[in-house]
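Engineer: what follows is a protein structure lacking sequence information:
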Ligand SMILES: [Zn+2]
């Protein structure tokens with residue numbers, strides 16, 4: 001039964017790493033118990049309130065080592081809701097004003113690893129975003145510079161390789177465009193792997209669209 005978002009799964013993965021790090025750093029039972037308590041609180045606050053969630057938390061807290069963690073995380077995939085992706089025809093409609101839209105290779109994605117769809121056109125340096133929020137598609141587009149630097153990604157908030165993305169947003173007045181720049185992960189797949197809270201991509205798109 002699928003009930004976890006991809007971002008939920010990323011968040012659980014982060015908590016597993018936290019537990020393994022604590023187990024490596026300390027043999028003190030009280031220290032481990034304290035870390036477990038924190039993990040339990042964070043997971044209960046962030047994950048859907050369901051009986052299965054309790055079971056997942058219990059199993060997570062029993063993870064002893066890397067091998068055990070990998071087995072746990074592998075089994076977790078069965079609970080993950082894949083990203084509802086748009087068909088090619090829908091993508092074309094979503095970006096109908098784009099004259100030379102290059103479509104992403106939709107069959108190349110693992111949709112259980114995607115919180116948002118983003119792809120770049122290496123010829124035009126355009127980058128596109130699509131999210132699914134309350135049964136609606138939300139989109140954003142802009143231009144990405146090819147220079148890569150180390151920095152904090154505005155979407156996933158991780159320190160990683162980023163480049164400057166400038167959103168182009170149509171203003172209220174006809175022909176008025178405003179632009180807004182952020183450093184974001186160079187690779188959307190890396191960003192999706194880091195993103196453990198889907199609100200961060202929703203607010204990123206929202207914030208850019210409001211700037212006019
Ligand atoms: Zn990122």
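Structural biologist: Alright, I've got the coordinates. Keep in mind the model is a prediction, meaning the values are calculated, not measured.

Engineer: okay, buried residues for stretch 72-92 please.
Structural biologist: 72, 76, 79, 80, 83, 85, 86, 91 (16 or more other C-beta atoms under 10 Å). (Each C-beta comes from the backbone N, C-alpha and C, glycine too.)

Engineer: list just the nearest of those residues to the ion.
Structural biologist: residue 83 (16.0 Å; C-beta to the ion).

Engineer: show me which residues of the protein are close to the ion?
Structural biologist: Applying C-beta under 5 Å from the ion, we find that the chain lies next to the ion at 153, 155, 156, 185, 191.

Engineer: now those as TSV including pLDDT, neighbour count and secondary structure?
Structural biologist: Formatted as TSV, those follow (pLDDT from 0 to 100; neighbours: other C-beta atoms under 10 Å; DSSP: H, G, I helix; E, B strand; the rest coil):
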residue	pLDDT	neighbour count	secondary structure
153	98	24	coil
155	98	26	coil
156	97	25	coil
185	98	26	strand
191	98	23	helix
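
Engineer: in TSV, list those along with distance to residue 116.
Structural biologist: Shown next, in TSV, are the residues of the chain next to the ion (distance: C-beta to C-beta, whole Å):
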residue	distance to residue 116
153	13
155	8
156	10
185	11
191	8
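
Engineer: ok, now which ones touch the closest residue to residue 31 other than its chain neighbours?
Structural biologist: Closest residue to residue 31 apart from its sequence neighbours, by C-beta to C-beta, 6 or more residues apart in numbering: residue 22 at 6.8 Å. Shown in contact with residue 22 (C-beta atoms under 8 Å, 6 or more residues apart in numbering): 31, 32, 35.
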